[in-house]
Structures are given as C-alpha cells and as structure tokens.
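> Predicted model, plus sequence, below.
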Amino acid sequence: MIKVFGHKSPDTDSTGSPIIWAWYLTEVKGTPATPVLLGEPNTEAAFVLKHWDLPKPAIIADVSAGEDCVVVDTNNPAELPGSINDANVIQIIDHHLLAGGLKTKGPIDITIRPLACTATIMFDLMGADAAKMPEKIKGAMLSCILSDTLEFRSPTTTPHDRAVAETLAGELGVSIADYAAELFAAKSDVSAFSDAELLRMDSKEYNVAGKELRVSVLETTAPKVVLDRKDSLMASMVDVAKEDGADQVLLFVVDILKEEATLLVPNDLVKQMAEASFGASVSGDTVVLPGIMSRKKQIIPALKL
C-alpha cells in the first residue's frame, strides 16, 4: 500500500492533496494507496474534512525503510519524516522551489510546476480522468486551491489556478465567495490553540544568512485576535526556537482582506531582518508590510540580514 503525504503542520493543501491523489491512484490507476498526515490538520483543513464528509487520514510519525511513498506539496526533507531517505519515494508532486536533500532508491516521477496549488497540478495530471472525481474529491480540490490562493488574492495565483477552481465550483454548484468566506472563518478561529501551537501551525524551516529560522504564517480575516496575543506569542518564541533547534521564530500575521502582513518584532535580530528584507522602518514590536501575503513568493525570497 502506497502512503501519500504532504508536509508537517498540514494545511488544507497538505491535507487535501494526499486524499485526492490516493483516490486517483486507487480508483483510477488501480494502485492501492492511502493518504496519511504528518500532524494534526489546521482548523481550516479540519473544516474541509467535515464539510465534504472526508475521513481524517491517519497521522504517522515516520516511515519505514523501503516503504512506498508519494510526497506531495513539498520536496523539502526538513518538512518530511526523519526516515524519508530510507523509504522508497516513487513520486513527488509539488509547487515549491526545489530544496534538495531527498535521496531515492531509483528513478522517480517528479512534477514541480509554478502554480499556486498542488491540487491544480493534480487536476492537470489526471487529464480526462479528472471528470471521474466524486463530489467530495472535487470539493477537496476546490478547497485546496481557494486556500492556497487566498481566494485568488495571493500573488502566487495563476490564471490556470483560477480557471480550475471556477470549473470545479461550477460543477459543484458552489459560490466561490461564500465558500471561501467559510474557509477563512475556519482558518481564523485560533482561540483553542496555545501560543506554541500557533507558532508551529503553518510553519516551515529555513536557513537564512547562517541563521536557522522557523518562518510561521497565520492567514486570517481577524488579525486583531492574534495580535492581541503578541506579548505572549513573542515570549513563547524563545522556547519554541530552543525546542526546535532554531535561532529565531518569525511570525507573519497575514490579513487576508487588507492584503498585508504584520511581522512581530521581538528583538534586534528580527528588526534588522525586517529592515534589510522589506525596506521597512521598525519603531516598535510590530511592523506592517503592505502587499505581503505569500511566504513562498514574497517572504522567503526576500529574507536577508
């Protein structure tokens, strides 16, 4: 049985895309596959599972040597199980930069395309077989695209992502505006999470100028709910960084509706990085970055000291 999974701290795309591809491999290609997760899905992804009546995939801590795996929505070993290079990775489907570091047992099928969402790539790879998707799989695919594009607001959005989403929404009889509002309301409901959980909820590890960074993003339609906790969040950054082997946690609170990000600035290192990376003038413990919405396209490429 092939295991299909995305990155740690699974968001909607890393929750939905394994479900979509496992369905395709099993039901269309006749190759038994099962979706799994590398952690609890975030609130938006959990909403999607419930809304479309999709069972939550099992959560795994690691993979076994020689186990057949398909990796989706990442190719970065830091975001994958510790034993990933001992497993038999047979396929990668992704839309992020090529990170390097994965080793495979033999030649594999790799698709990395500059689209906003892994699910869009899967729609293309299916070709005519995409018409065979049941409603709940189409619903998962639509959810992934609307989430990753922030309802087409993100600069990563391509005309093709939008066209696929509009096609799916039409087939499902779904209003994109209404459904996206439900998605973002679910994404914004973070009241039940501790500061440490928020800092790790949508977080990826990067090395920038010799510093190990945990770069966290919280996309929300209610930024005040998060920013009201800024003091405790900044205090928690110290412990989270220490526990995760990082030099610093960066937290960008993305206001989906205003299309801007607020970066928490707990110390001189982050102040220096904000000013060097974004040309910002920092005078307090937060700085607003107009137009910044995408970690992949706008934050990570800009980070420097």
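Structure's in. What do you need?

> what does the helix-or-strand element of the chain with minimal mean pLDDT contact?
The weakest-scoring helix or strand in the chain, judged by mean pLDDT, DSSP states H and E, is strand 203-208 (a mean of 88). Contacting residues not belonging to strand 203-208 are listed as 7, 9, 76, 78-79, 212-217, 244, 246, 249, 273, 295, 300, 303-305 [CB atoms under 8 Å, 6 or more residues apart in numbering]. From N, CA and C alone the C-beta is placed, and that goes for glycine too.

> Just the buried ones from the residues you listed?
Buried members of the contacts of strand 203-208, counted by 16 or more other CB atoms under 10 Å: 7, 9, 76, 79, 213-217, 246, 249, 273, 295, 300, 303.

> Please state the offset of the lengthiest strand in the chain from the chain centre?
Looking across the chain with DSSP state E, the single longest strand is strand 211-220. Offset of strand 211-220 from its chain centre (CA atoms, centre = their mean, to the nearest Å): 11 Å.

> Show me what it is in contact with.
150, 184, 187-188, 190, 198-207, 226, 240-241, 244-256, 261, 269, 293, 295, 299-300, 303, 305.

> redo that, cut-off 6 Å
By CB atoms under 6 Å, 6 or more residues apart in numbering, the surrounding residues in contact with strand 211-220 are 187-188, 199, 202-206, 226, 244, 246-254, 256, 295.

> ok, T12 touching E44?
Yes: contact criterion CB atoms under 6 Å: T12 and E44 qualify, at 5.2 Å.

> These two: which is more packed in?
Between T12 and E44, counting by other CB atoms under 10 Å, T12 is the more crowded of the two (29 against 23).

> State the helix or strand in which the residue of the chain positioned farthest from its centre lies.
For the chain, the largest distance from the centre (CA atoms, centre = their mean) belongs to S283, which lies 30.8 Å off. Using DSSP states H and E, S283 is not contained in any helix or strand.

> And it, how far from S203?
Look at S283 and S203: by CB to CB, to the nearest Å, they are 27 Å apart.

> what does P301 give?
18 Å.

> Between the two, which has more neighbouring residues?
Set P301 next to S203 and count neighbours by other CB under 10 Å: S203 wins out with 24 against 12.

> residue contacts, P35?
Counted by CB under 6 Å, 6+ apart, P35 has contacts 4, 18-19, 22, 57.

> now these in CSV, with secondary structure?
Formatted as CSV, these follow (DSSP: H, G, I helix; E, B strand; the rest coil):
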residue, secondary structure
V4, strand
P18, helix
I19, helix
A22, helix
P57, coil
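
> what would these look like in TSV with distance to G39, neighbour count and pLDDT?
Shown next, in TSV, are the contacts of P35 (distance: CB to CB, whole Å; neighbours: other CB atoms under 10 Å; pLDDT from 0 to 100):
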residue	distance to G39	neighbour count	pLDDT
V4	15	26	98
P18	12	28	98
I19	15	27	98
A22	18	25	98
P57	11	21	98
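
> returning to that earlier point: the buried ones among the contacts of strand 203-208: which two are farthest apart?
H7 and M273 (23.4 Å; CB to CB).

> before we move on, back to that, skip ahead from the longest strand of the chain and say which helix or strand is next.
Following strand 211-220 in sequence, per DSSP H and E, is helix 223-227.

> so where do the helices sit in the protein?
12-23, 43-51, 118-126, 135-149, 159-172, 176-188, 195-201, 223-227, 230-244, 268-278 (DSSP state H).
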